[in-house]
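A.B. asks: A predicted structure for the sequence below; I have some questions about it.
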Amino acid sequence: MPTRPEPPHASAPAATAAEKRPGWPEIIIGLLTALAATAAVIPFGPAGLDLEPVAYGLVLTAWSGLIGLAGFAAAALIRIRSWGAFGVRRTTWRWMAIGVAAGLAAFVVKGVANYAVITLTGFDADPQGAYYDAAGGGVLPLILTFLFLSFLTPLGEEFLFRGVITTALLRYGPVIGVVASSVVFGLFHGVNIALPSAIVVGLFAAEMLRRSGSIWPAVAVHTVNNLGLPLFVVLTGATGPA
């Protein structure tokens with residue numbers, strides 16, 4: 001986490017000659033593990049145990065972070081390397097502040113992107129309705145949704161998609177590393193209204209990783225964006241997408 005000042009890195013984790021970037025084995029194992037973890041939650045849904053909406057929403061919000069952590073753990077364990085090779089290294093408070101600012105910018109840009117998509121296509125079905133069900137289920141479910149979406153999910157997804165995938169793809173240059181990893185991140189959310197939002201957040205987070213050399217500014221980007229849903233429920237009393 002943030003400590004003493006360090007110089008920014010030209011690209012993500014290439015800080016020392018001893019550290020090697022993760023590569024295609026880490027990408028493949030990480031994504032396959034995340035997909036398997038995603039499939040594991042399906043039996044809890046309407047076709048399985050038929051949990052009531054608040055409980056099912058909480059399962060999904062928690063699982064969204066655990067999926068990423070599972071993928072990261074699998075990728076990190078297949079070959080011997082330090083966590084620093086995945087960008088899990090100290091950064092500065094300055095870079096964390098830049099990450100928060102980038103998160104706010106991403107929040108605005110994704111709002112514009114969503115508005116454009118809805119206006120042009122008329123498609124506005126929200127696949128994250130279960131999150132609203134969880135957040136609108138009372139004080140405790142709201143607190144848990146806040147913790148899961150704003151801390152656990154950014155941590156898990158950034159460790160996998162930026163720490164593993166962006167870092168690995170940056171070997172092909174900044175454009176491929178940042179853009180391709182963001183598209184993968186978006187597609188992982190499904191082909192729906194969440195896709196453009198995920199790509200936008202991915203672009204900002206990946207660029208923070210590339211420039212700072214650390215995963216933590218990218219986590220800040222993600223955290224700022226995920227705060228929107230529980231805050232929306234608190235401010236409006238909504239129990240579902242507007």
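C.D. replies: Here it is on my side, so go on.
A.B. asks: Now Gln63: closest residue in space, sequence neighbours ignored.
C.D. replies: Careful, residue 63 is Trp; it's not Gln. Closest residue to Trp63 apart from its sequence neighbours, by Cβ to Cβ, 6 or more residues apart in numbering: Val41 at 4.7 Å. For glycine as for every other residue, the C-beta is placed from the backbone atoms N, C-alpha and C.
A.B. asks: so where is the protein shaky, pLDDT-wise?
C.D. replies: 1-19, 42-50, 80, 124-127, 232-242 (pLDDT under 70).
A.B. asks: Looking at it, which helix is longest?
C.D. replies: When the chain is parsed with DSSP state H, its longest helix is helix 93-121.
A.B. asks: Give the buried residues for that one.
C.D. replies: Buried residues in helix 93-121, counted by 16 or more other Cβ atoms under 10 Å: 95-96, 98-99, 101-103, 106-107, 109-110, 113-114, 117.
A.B. asks: can you give me the strands in the protein?
C.D. replies: For the chain, applying DSSP state E gives no strands.
A.B. asks: residue ranges of the helices in it, please?
C.D. replies: Counting by DSSP H, the helices of the chain are 24-40, 53-77, 93-121, 129-135, 139-147, 153-157, 167-169, 174-175, 181-188, 194-212, 216-226, 228-236.
A.B. asks: List of residues touching the fifth one?
C.D. replies: To tie it back to what came earlier, the one meant is helix 139-147. 54, 57-58, 61-62, 131, 134-136, 227, 229-230, 233-234 (Cβ atoms under 8 Å, 6 or more residues apart in numbering).
A.B. asks: repeat that for 7 Å
C.D. replies: Residues outside helix 139-147 that contact it (Cβ atoms under 7 Å, 6 or more residues apart in numbering): 54, 58, 61, 131, 134-135, 230, 233.
A.B. asks: buried stuff in that helix?
C.D. replies: Those would be 141-142, 144-146, for helix 139-147 by 16+ other Cβ under 10 Å.
A.B. asks: May I ask which two of the residues you listed are separated the most?
C.D. replies: Pro141 and Phe146 (9.6 Å; Cβ to Cβ).
A.B. asks: rewinding a little: for the residue nearest to Trp63, list the residues it contacts.
C.D. replies: 59-60, 63.
A.B. asks: Distance check, it against Ile176.
C.D. replies: Going from Val41 to Ile176 by Cβ to Cβ, to the nearest Å gives 31 Å.
A.B. asks: Could you do Leu155 as well?
C.D. replies: To Ile176, Leu155 is 25 Å away according to Cβ to Cβ.
A.B. asks: For the two, indicate the residue with more neighbours.
C.D. replies: Leu155 (19 against 12; other Cβ atoms under 10 Å).
A.B. asks: Which residue comes closest to the most centrally placed residue in the chain once chain neighbours are left out?
C.D. replies: Nearest to the mean C-alpha position of the chain, by Cα atoms, centre = their mean, lies Glu157 at 3.7 Å. Spatially, and ignoring its direct neighbours in sequence, Glu157 is nearest to Gly68 (4.2 Å; Cβ to Cβ, 6+ apart).
A.B. asks: For stretch 208-217, measure first residue to last.
C.D. replies: Terminal residues of stretch 208-217 lie 6 Å apart, using Cα to Cα, to the nearest Å.
A.B. asks: check contacts around the residue nearest to Glu157.
C.D. replies: 34, 156-157, 159-160.
A.B. asks: What is the most widely separated pair among these?
C.D. replies: Pairwise over those, using Cβ to Cβ, the maximum falls at Ala34 and Phe159, 10.8 Å.
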